[in-house]
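Student: Next one to model:
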Amino acid sequence: MTDISEPIEDSPPRPLGRRLLPILLPVLALAAGFGVTYTGLLSPLSLLAPAAPAPQAAPVAVFLDVPRIILTIPGERTQTLALAVVVEIDPAAADTARLLMPRIADSFNGFLSQVDPVAFSRRGILEIIREELATRTRFILGEAAVRDLLITEFRIQ
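Tutor: Okay, the predicted model is just below:
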């Protein structure tokens, strides 16, 4: 048995660093947080604020309206052709297309006035006119600028 009178061995004293560690760690964390906030690298308020909206992507295509074309079709009875067209353009070529719009409209008028009046009553004329107008637009603006041509109104009265 052990005697109560025997002295208990004291553990060796802990070094100063070990004793201050629980105090130094929070102080160092606070100092690092203050430094990061003070230099502007991180703002606690920005974490609470809603996220900024994502930047909008550039438009994939630009749609330009060609001025509406109204022509009188010669023939036995007087008929009127009303045509509205929208051209799908590459965004990089949109400014050039706006500048050349009178030339495009003139090209469309020239073609439509030369179409035989009997052809307007035939099947498939709309597809033929669409392809011809798209070809003329590509000739004026360039092959890469024009993506498509859409006929939004085709009316014969």
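Student: Does anything pack onto the helix or strand bottoming out on mean pLDDT in the chain? Which helices or strands?
Tutor: Scoring the helices and strands of the chain by mean pLDDT, DSSP states H and E places helix 44-48 at the bottom, with a mean of 73. With contacts taken as 3 or more CB pairs under 8 Å, 6 or more residues apart in numbering; DSSP states H and E, helix 44-48 sits against no other helix or strand. For the C-beta atoms, the positions are set from N, CA and C on the backbone; glycine is no exception.
Student: Strands of this structure, residue ranges please.
Tutor: Along the chain, counting by DSSP state E, strands occupy 62-73, 79-89, 146-156.
Student: mind checking which of the ones you listed is nearest A51?
Tutor: strand 62-73 (29.5 Å; CB to CB).
Student: Can you give me the buried ones in that closest one?
Tutor: For strand 62-73, the neighbour count (16 or more other CB atoms under 10 Å) marks 62, 64, 66, 69, 71, 73 as buried.
Student: Direction included, what does that strand pair against?
Tutor: Partners of strand 62-73 in the sheet, by DSSP bridges, are strand 79-89 (antiparallel).
Student: Domains in this protein, by residue range?
Tutor: 16-48, 62-156 (automatic domain parsing).
Student: Where among the ones you listed is average confidence lowest?
Tutor: Per-stretch mean pLDDT for the domains of the chain is lowest at domain 16-48 (a mean of 81).
Student: circling back: and the domains of the chain, which is most packed in?
Tutor: Among the domains of the chain, domain 62-156 has the highest mean neighbour count (mean count of other CB atoms under 10 Å), at a mean of 15.
Student: so how far is that one off the chain centroid?
Tutor: Its chain's C-alpha centre lies 27 Å from the corresponding centre of domain 62-156 when counted by CA atoms, centre = their mean, to the nearest Å.
Student: distance between the ends of it?
Tutor: 28 Å (CA to CA, to the nearest Å).
Student: Could you list which residues are in contact with P91?
Tutor: Contacts for P91 (CB atoms under 8 Å, 6 or more residues apart in numbering) come out as 58-62.
Student: Can you pull the phi/psi pair for A49?
Tutor: When read as degrees, to the nearest 10, the backbone of A49 gives phi -70, psi 150.
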